[in-house]
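Asker: 3D model of this:
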Amino acid sequence: GAIGSNLIYQWQVNTGSGFTDVTNTGLYGGANSSTLTLTNVPLSMNGYSYRCFVSGTCTPTVTSNAVSLTVNQLVTITGQPFNTNVCPGSNTSISLTATGTALAYQWQVSSNSGSSWVNLSNGPQYTNVTTNTLGIIGASAGINGYMYRCIVSGACIPGATSNAVTLSVNASLTIPVQPVSKTICPGSNTTFNITASGSGLGYQWQINTGSGFTDLTNGGNYSGVTTDILTVSSSLLTMNGYQYRCIVSSTCVAPVSSNVATLTVQSPPTLTGSPSDASICVNGTASFTVSATGPGLAYQWQINTGSGWSNMVFGPGMFGIFSPTLVISLAQANQNGYQYRCFISGTCTPAITSGFATLTVNTPPVLTAATLTTNVCPGNNTSLSVSANGTALTYQWQLSTNSGGSWSNLTNGVNYNNVNTSVLSILAAASTMNNYQYRCVVGGTCAPTATSPSALLTVNTLPNVTSQPTNQNVCVNGNISFTVGATGTALTYQ
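Answerer: Next up is the predicted model:
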């Protein structure tokens, strides 16, 4: 403000290099009036100085005091906050950078995904809530997922609101699903699975082949060794009993080992003993036994009656056709020569077939023919014979000299030969042997023995004249007879 006659005004500006006159150009107006007007003042003019020369009709010219222009800066967030991860119980911070004049900060929190916001205050959980760096103390799982933002104000309006960021409180490491043992057959594939929860999980499967656990690498029989699923491919029988576990790491805690799981690689059936041949008598019982090792064994006996092999089915006299021991009872002669073997399957393939065994069904002696009588002259030879069927027949001829009252075994000697064959030879029969009786006891592998009917030996007597004819007298044309007396067998006269 100034007083005087015919006043003239000239505003000047000092941008840092001395005062110069202001003209009514650009953002200036009223450069020659008592009021200098500035419009759309930029931040670059902060600190400029201004003064006014006032002259009039009379001298001297007067100069006003110099004044300084302060241009306050608008609030600008130059560095936004970031999402933050923290382990349970740990401290962390969220910060931003901003420019502006007389900045003020107010951090806010949202527990409902940004639907509503509440100003924070310093306390057990939070510090520095009115600075550009918010401190979070002892983060708990309860604030996991909370969102934070900062309201920044200054000398000029409007203020600025930062981006909203999320606090992730990493979960503690747990293994709710442990790997379980597996049982498979050679050549099969399987997996070991683990389910873990936590933050920043990492997996490393390990193996123990008998000398302690070591890390697995992908290749050969294994894949997925650094994932939650370990795949075992084309398993080998030599891998039976191998143990596996998974070392799980996370962001917040030391690595944790899972339970140990065992791989059982079952073997296919292995034959350790084939059935042996059996020899029995008719109506006897035979058994055939096979031995094998392997899990889940199943047995099927097979038979070959002469036309090839076929599975046995239940029938009379057959037992255990689905067991390691087959029993054949009440065997008949027509089963002689039958062959038996066992087809064995198991949990794993391939199945196996045992060697075969042959059934021999022996028959007891059965007489089919026998000599009942024989006649011989004294000093001559004769024979008696029997015919019989049966297995491994034996013969023993016997003699009775008392019409069958008692019998004794014959031995080869002067009057007898071949006493242990089917044909008995009687040598140089004596008259004293007349009416002797003979029989044959036929034995064999199976009982009972068979005894032939008794055969009668007749030793004929030689002709012997016991009375001579006598001289006779007869008249012409008369009759006469001559008589002779004789003994002997089947005498004839001439």
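Asker: tell me, how many neighbours does the residue lying closest to Thr371 once chain neighbours are set aside end up with?
Answerer: Nearest residue to Thr371, sequence neighbours excluded (CB to CB, 6 or more residues apart in numbering): Leu384, at 4.6 Å. To be clear about C-beta, it is placed using only N, CA and C from the backbone, and glycine gets the same treatment. As a burial measure, Leu384 scores 22 neighbours (other CB atoms under 10 Å).
Asker: I'd guessed Leu384 sits against Thr374; true?
Answerer: Yes. Contact criterion CB atoms under 8 Å: Leu384 and Thr374 qualify, at 6.0 Å.
Asker: give the residues shared as contacts by these two.
Answerer: Overlap of the contact sets of Leu384 and Thr374 (by CB atoms under 8 Å, 6 or more residues apart in numbering) consists of 426, 455, 457.
Asker: confirm the residue nearest to Thr371 sits in a helix?
Answerer: No. With DSSP: H, G, I helix; E, B strand; the rest coil as the criterion, Leu384 is assigned strand and is not in a helix.
Asker: so who does it touch?
Answerer: So Leu384 contacts 371, 374, 397, 423-424, 426, 438, 440, 455, 457 (CB under 8 Å, 6+ apart).
Asker: please pick the buried ones from those residues.
Answerer: Among the contacts of Leu384, those classed as buried by neighbour count (16 or more other CB atoms under 10 Å) are 371, 374, 397, 424, 426, 438, 440, 455, 457.
Asker: could you list the buried residues of the helix or strand containing the third one?
Answerer: Secondary structure assigned from DSSP states H and E places Trp397 in strand 394-400. For strand 394-400, the neighbour count (16+ other CB under 10 Å) marks 395-399 as buried.
Asker: do the same with stretch 178-185
Answerer: Of the residues in stretch 178-185, those with enough neighbours to count as buried (16+ other CB under 10 Å) are 178-179, 182, 184-185.
Asker: of these, closest to Asn83?
Answerer: Gln178 (32.5 Å; CB to CB).
Asker: verify the stated contact: the closest one with Val256.
Answerer: No. Applying CB under 8 Å as the test, Gln178 and Val256 come out as separate, 11.2 Å apart.
Asker: low-confidence stretches in this protein?
Answerer: For the chain, applying pLDDT under 70 flags no range at all.
Asker: what residues does the closest residue to Ser274 other than its chain neighbours make contact with?
Answerer: In space, and not counting its chain neighbours, Ser274 is closest to Gly355: 3.5 Å by CB to CB, 6+ apart. When contacts are counted by CB under 8 Å, 6+ apart, Gly355 touches 274-275, 341.
Asker: cutoff 10 Å now
Answerer: 271, 273-276, 290, 341-342 (CB atoms under 10 Å, 6 or more residues apart in numbering).
Asker: same deal with Thr368?
Answerer: Neighbours of Thr368 in contact, by CB under 10 Å, 6+ apart: 386-389, 450.
Asker: can you pick the most crowded of those?
Answerer: Busiest of the contacts of Thr368 [other CB under 10 Å] is Val386, holding 26 neighbours.
Asker: can I assume it is in contact with Asn418?
Answerer: No. Judged on CB atoms under 10 Å, Val386 makes no contact with Asn418 at a distance of 11.8 Å.
Asker: which residues are common contacts for these two?
Answerer: Joint contacts of Val386 and Asn418 (CB under 10 Å, 6+ apart) are 395, 397, 424.
Asker: cheers, nothing more for now.
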